[in-house]
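1. Pasted the sequence and its predicted model underneath.
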Amino acid sequence: CLFLSKDLIVLVYVDDLLLYARDDAIIEDFISRMKEKESVTLRMEGSAEGFLGVGIKRDGNKTILTQSGLAKRIIDALGLSNKYSTSVTTPAECGALPKDANGQPASGTINYASVVGMLLYLCGHSRPDIAFAVHQCARFTFCPKRSHEVALKRIGRYLKGTLDKGLILDPP
């Protein structure tokens, strides 16, 4: 929901608020009134970029979008956050991921569909470099084999080595 007053803009998403005003005092006044009258517990978390899960960096005319928080959650979900899991330089092997109809069944140690969903969100918003590999894995969301889990983990290992990378927007 979006609430507007002459001095304040309040965006509400479930239990999160984004507050905008020309003067910080207006925001502080709103917060104190919410705490007094509505018995609401509010916690300051940072910028709008953090709220959206997207880091925005500017370098001259270029804007760089990153989602390192989501990438770290994917790495954790794949069980690759320990120091023994090494990074790779590409997100996939060459060529399409085969169906592997007679391959070993998935181990079930990871939530394949959940990780694929997070990766689809990531590649669609800030990491187009992983799109081919992610879409190859997404084809097998409903019946993954062990080889598909290995491919998914390779994407995670690639992300581990490229957490600081993102989408560069460079208008003409």
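-> Right, received. Where do you want to start?
2. Thr63 falls within a strand, correct?
-> Yes - counting by DSSP: H, G, I helix; E, B strand; the rest coil, one finds Thr63 located in a strand.
3. Just the terminal-to-terminal distance for stretch 3-22.
-> Start-to-end span of stretch 3-22 (C-alpha to C-alpha, to the nearest Å) is 16 Å.
4. and it, how far out from the chain's middle?
-> Put simply, stretch 3-22 sits 23 Å off its chain's centre (C-alpha atoms, centre = their mean, to the nearest Å).
5. Residues touching that stretch, excluding its own?
-> Cys1, Leu2, Asp23, Ile26, Ile27, Phe30, Ile31, Leu42, Ala48, Phe51 (C-beta atoms under 8 Å, 6 or more residues apart in numbering). For the C-beta atoms, the positions are set from N, CA and C on the backbone; glycine is no exception.
6. Over to stretch 121-139?
-> Here stretch 121-139 makes contact (C-beta under 8 Å, 6+ apart) with 54, 65-67, 70-71, 74, 91-92, 96-97, 116, 119-120, 144, 148, 151-152, 154-155, 158-159, 162, 165-167.
7. what's the answer for stretch 72-85, then?
-> Residues beyond stretch 72-85 that count as contacts (C-beta under 8 Å, 6+ apart) turn out to be 109-111, 114-115, 118-119, 122, 152-153, 156-157, 159-160, 163.
8. What are the buried residues along that stretch?
-> Arg73, Ile74, Ile75, Ala77, Leu78, Leu80 (16 or more other C-beta atoms under 10 Å).
9. go on, stretch 154-162?
-> Neighbour-count burial for stretch 154-162 flags Arg154, Ile155, Gly156, Arg157, Tyr158, Leu159, Lys160, Thr162 (criterion: 16+ other C-beta under 10 Å).
10. Against Lys99, how distant is Gln67?
-> Separation of Gln67 from Lys99 (C-beta to C-beta, to the nearest Å): 30 Å.
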